[in-house]
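In: Kindly generate the corresponding structure for this input.
(2 chains)
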Number of protein chains: 2
Amino acid sequence: MCAPAPLARSYAGGVFVNTMPRYEVLSEGSMAVLEEGWRSIVRDIGIEFQWEPALELFRAAGQTVEGELVKLDPDFVLEQVAKAPSEFGITARNPARSRRFGGDNMIFCSVQSAPFVSEGDRRGDGTFDDYRRLVRLTHMIDELDTAGYPICEAGDLPIDSRHLQMLLTLYTDSDKPLGTAQFNPVGAGDSIAMAELAFGREALEREPHMFGIANANSPLRFDERMIGSLMLLAAARQIVVVTPFILMGAMGPVSIPAALSQQIAEQLAGICLAQLVRPGAPVVMGSFISHTDMQSGSPGFGGPEAAIGLLASGQIARRFGLPWRAGGGALTSSQSVDAQAAFEGLNTMLPAFLAGANLLLHTCGWLESGLVASYEKFVLDIEIVRILQHEFSPLEFTREQLVPDAFAEAGHGGHFFGTTHTLENFRTCFYRPLLFSTENYERWASRGGKDATERARDRLAELEASYEPPAPLADDVRARLEEYVTRRQKELGD
Amino acid sequence: MCAPAPLARSYAGGVFVNTMPRYEVLSEGSMAVLEEGWRSIVRDIGIEFQWEPALELFRAAGQTVEGELVKLDPDFVLEQVAKAPSEFGITARNPARSRRFGGDNMIFCSVQSAPFVSEGDRRGDGTFDDYRRLVRLTHMIDELDTAGYPICEAGDLPIDSRHLQMLLTLYTDSDKPLGTAQFNPVGAGDSIAMAELAFGREALEREPHMFGIANANSPLRFDERMIGSLMLLAAARQIVVVTPFILMGAMGPVSIPAALSQQIAEQLAGICLAQLVRPGAPVVMGSFISHTDMQSGSPGFGGPEAAIGLLASGQIARRFGLPWRAGGGALTSSQSVDAQAAFEGLNTMLPAFLAGANLLLHTCGWLESGLVASYEKFVLDIEIVRILQHEFSPLEFTREQLVPDAFAEAGHGGHFFGTTHTLENFRTCFYRPLLFSTENYERWASRGGKDATERARDRLAELEASYEPPAPLADDVRARLEEYVTRRQKELGD
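Out: Sure thing, here's the model as predicted:
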């Protein structure tokens, strides 16, 4: 009997491959406007780099440096950007968890940098225990490729040294690809040093073992901390995701074309610097563009402007031939895991799939404009990812899938429950939900009438109970890492 | 000062125009498989028509009729289908509410045919009062073009004659385009008779004044009631939306290509009949394809199969040059207005926009696989429609939108809140939500910590309090309609 056409998720080398067409919304005319926009910004307005070593590199390359302001020749920028590879891998300590950036590959990373966490009625500061729970959840959920680095803050650890314990947890409680303590050169330096202790300098040179985000301090500025981190990562041949952080109305104009031009200018300027540090350094064009609610002054997510921003950003990154990071992820401004949260999350995630994102940050768990990592939403968003992975799977019909025998067997006005074709395929023919329910009302009500958020909480408990740690680190590696952490904690005044 | 680039919804002649590109997922190879599939079904397996007058028409046209089974020459079918217009209008009693089907136009219709309603904790049989409230809501919400006909059942009215009161309400409490009491020839006949009393036969001949759904009794059957209704509407030159009702696994095979072939075969067979009744009769290719949860046996909505079904159905309808009805609408299997409901709703609605639906049934209010019309979800889904209407709006960038002055004014690392460009445009530059919130947690909590569903309930109360009836019917029209209703109620044993 011929096979049905399940929307089988397409994985290659462990990574989800988005085989559906790209949805392109920008005309050549619109692209030309953006081209004019970013060129004018880097050339006439310039980008501020608040870090002398960066300014030196630009000066040496013949660019105009006025104080901390760098005015760049757009064609020079493009020459540098062309040195960046369009695809590259990231090695995990478990080879089965290694991944590739670029092409049709999509890498999914948990929510990042949430100062607060919520679980049921609890909403409070993130703790080291929360951080570890979320790293473990990421480790055990197949749809997530990496925990990145700071899923939530470990607010109960000393601020200057907490990154050391947090980094160590990425090695001990997971074997997925690493993020970087990226928000200053101290953290980035420790991240690289620990990876060298774990894998050796040579392995890091062969292929990146970590990725780090370098946010522009939009508009049109990179500060010392971000540049320092970016330059360290590039020099060590680790992945830099150059990401302007643009909330239109606050860090960008209230005009989508202007904000997109700004985004390109900031992306390319950062990537250009990475290539000056080390030609061929692996980089990702990062986008994070949304709007400011002009009534509340708060950030807004999941609205039409962000969706258009995502669709455009993907198309732009393809034009430059670079891997693309989509801002989200299931982003939302909602304060609770409600219909708004699900709607805004999908209205960010689906455009990221449509536009062919290679890296999704904040895939799951993001709540309250990123202030909160929500345990329930963490699980709920996994359902969304799973559904979209099935939706964006290979779709080529064959004659065999027409199953004329099934029609003959069901008969006119009959049903297909009992046909041979159905009986042979019912287990695999459709997507099977993780926690979404089709139960009839009576049965659902008799089982407690739990909504999706409450069911996510139940599922969370099951998941956490079934956590199995990865293969332990080799004793000598573990000893070296622990020794490093202890020494650096002291040096950083812990 | 130049204008920003708000995503201004594009309306033409009162109807939303979807100017974004169509997202096409089927290759020419896949389309060829579907072509082979539907041709083989109509030719070899045939379609059952359980109504002698239809069989006579097919016989007279030289098709093979065996009992109630009609085997159709696919090329003959295409010849008939080619007689259907690709675009046409629907006249409302208020000319400003008249709409056009086809092209880039999208017509939005409320949830239809729900036997139950829910509001807060209440879940029970729909009543005439519920029906009237939902018609009024539809009337006052600009995003909705029509109430269709049976938003919910009026379970407290006698079953055989309730359609008369319900139809009359469409005239008295709204002035938007009419649906049809479509599920049997009695209802369809009364619908047409009342429209003739209100508008005159000549007006109905000039342009349709109502649309009705003709569901196939899938698989591959049209029963007496549906055919009777379809033939009456076509004869009266009113719009027929021919819609197979296919839940794969139950009314169709567990294979997307097979179910799509079946859908095309049933659509074309019904449209062919309409053209035999009256060449040039206005028709819409209706799709309603989803899956059956093979564990619970219940219908499932909002999953990947339905999304693919929608994207494919739109592409197919364009191939035949006919207006297309998307099944949903914000469809969901969820039992409550929760994250699942919002997710599944958007995962049905967004593909309908991507695939260029001309008519969206069940736009708002659908819950529990269509068993329930939810008041809260009715309001919530309007937010979704509004957001998507902004998202699918004209997007052509101009140089003026690059606003270089704003960058100069904000300065590097500055902000745009106070720039001239922002101050001149902040009111209109971004989408403004109806009930989605960006409030910070403290403010949100201090105002009651209401989730989106609770806010929808508040908004519902405001909306209902502000209902203003349409201009009253002319006295003589009202008298004729009321007289007709009274007479027919008696005839139908009320």
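In: Hmm, A:G345 and A:D381 touching each other?
Out: Yes. Under the criterion of CB atoms under 8 Å, A:D381 makes contact with A:G345 at 6.2 Å. Just so you know, the C-beta spots here come from the backbone N, C-alpha and C atoms, and that holds for glycine as well.
In: Common neighbours of those two, please.
Out: A:330, A:366 (CB atoms under 8 Å, 6 or more residues apart in numbering or on different chains).
In: For these two, indicate the residue with more neighbours.
Out: A:D381 (35 against 32; other CB atoms under 10 Å in any protein chain shown).
In: Who are the contact partners of the nearest residue to that one once chain neighbours are set aside?
Out: Leaving aside its sequence neighbours, A:D381 sits nearest to A:C364 (CB to CB, 6 or more residues apart in numbering or on different chains; 3.4 Å). Neighbouring residues of A:C364 by CB under 8 Å, 6+ apart: A:108, A:110-111, A:144, A:329-330, A:377-382, A:384-385.
In: rerun that using 6 Å as the cut-off
Out: A:110, A:378, A:381-382 (CB atoms under 6 Å, 6 or more residues apart in numbering or on different chains).
In: ends of stretch A:118-130, how far apart?
Out: 10 Å (CA to CA, to the nearest Å).
In: What parts of the stretch 1-150 of chain A come near chain B?
Out: By CB under 6 Å from any CB of the partner chain, the residues of the stretch 1-150 of chain A that approach chain B are A:4-5, A:7, A:23, A:25, A:30, A:33, A:37, A:45, A:48.
In: is stretch A:387-396 anywhere near chain B?
Out: Yes. If you take CB under 6 Å from any CB as the test, stretch A:387-396 does meet chain B, through A:387, A:390-391, A:395-396.
In: Show me which of the residues of the stretch 1-150 of chain A next to chain B is closest to B:I316.
Out: Among these, A:A5 lies closest to B:I316 (CB to CB), at 15.7 Å.
In: Within the sheet, what are the partner strands of the helix or strand bottoming out on mean pLDDT in chain A, with directions?
Out: Lowest by mean pLDDT, DSSP states H and E among the helices and strands of chain A is strand A:11-12, with a mean of 82. Strand A:11-12 pairs in its sheet with strand A:15-17 (antiparallel), by DSSP bridges.
In: contact partners of the partner strand?
Out: A:10, A:99-100, A:104-106, A:389.
In: what does stretch A:320-332 give?
Out: Under CB under 6 Å, 6+ apart, the answer for stretch A:320-332 is A:86, A:101-102, A:241, A:284-288, A:301-302, A:310, A:314, A:317, A:341, A:344-345, A:348-349, A:352, A:357-363, A:366, A:381.
In: quick one: average confidence on that stretch?
Out: For stretch A:320-332, the mean pLDDT works out to 94.
In: List the contacts of the spatially most central residue of chain A.
Out: Most central in chain A under CA atoms, centre = their mean is A:L361, positioned 1.9 Å from the mean C-alpha point. Residues near A:L361 by CB under 6 Å, 6+ apart: A:109, A:112, A:329.
In: Just give me the closest of those to B:Y131.
Out: Closest to B:Y131, out of all of those and judged by CB to CB, is A:G329, at 41.5 Å.
In: Setting the sequence-adjacent residues aside, check what's closest to the closest one.
Out: Closest residue to A:G329 apart from its sequence neighbours, by CB to CB, 6+ apart: A:H362 at 3.1 Å.
In: I'd assumed the one you found was in a strand, is it?
Out: No. Secondary structure of A:H362 (DSSP: H, G, I helix; E, B strand; the rest coil): coil, not part of a strand.
In: Next up, phi/psi of it, please.
Out: Per-residue torsions, A:H362: phi 60, psi 40 (degrees, to the nearest 10).
In: pretty sure it is touching A:V111, no?
Out: Yes. Assessed by CB atoms under 6 Å, A:H362 is found in contact with A:V111 at 4.7 Å.
In: Show me which helix runs longest in chain A.
Out: helix A:256-277 (DSSP state H).
In: I would like the residues contacting it, please.
Out: A:33-34, A:37-38, A:41-42, A:47, A:54, A:57, A:61, A:77, A:80-81, A:83, A:214, A:216, A:231, A:234-235, A:240, A:242, A:244, A:246, A:248, A:252-253, A:281, A:283, A:285, A:289, A:312, B:5, B:397, B:401-403.
In: Which of those are buried, as a ChimeraX select command?
Out: Selection of buried members from these for ChimeraX, criterion 16 or more other CB atoms under 10 Å in any protein chain shown:
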select /A:33,34,37,38,41,42,47,54,57,61,77,80,81,83,214,216,231,234,240,242,244,246,248,252,253,281,283,285,289,312 /B:5,397,401,402,403
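In: I'd like the list of the contacts of helix A:256-277 that fall within helices, please.
Out: A:33-34, A:37-38, A:54, A:57, A:77, A:80-81, A:231, A:234-235, A:312.
In: returning to what we had before: which of the contacts of A:L361 fall in strands?
Out: Using DSSP state E to define strands, no part of the contacts of A:L361 is located there.
In: Ranking by neighbours, what's the top pick from those residues?
Out: Busiest of the contacts of A:L361 [other CB under 10 Å] is A:G329, holding 30 neighbours.
In: Near chain B, which residues of the stretch 351-494 of chain A? Just list them.
Out: A:368, A:380, A:387, A:390-391, A:395-397, A:399, A:401-403, A:406-407, A:410, A:412-413, A:415-416, A:421-422, A:425-426, A:429-431, A:436, A:438-439, A:441, A:444, A:451-453.
In: List the residues that contact A:E383.
Out: Here A:E383 is in contact with A:434-436 (CB under 6 Å, 6+ apart).
In: one more time with 10 Å
Out: Contacts for A:E383 (CB atoms under 10 Å, 6 or more residues apart in numbering or on different chains) come out as A:143, A:342, A:364, A:431, A:433-436, A:452, A:455-456, A:459, B:339-340, B:343.
In: mind checking the SS state of the closest residue to it other than its chain neighbours?
Out: Counting by CB to CB, 6+ apart, A:E383 lies nearest to A:L434, which is 4.7 Å off, once chain neighbours are set aside. Per three-state DSSP, the local secondary structure of A:L434 is coil.
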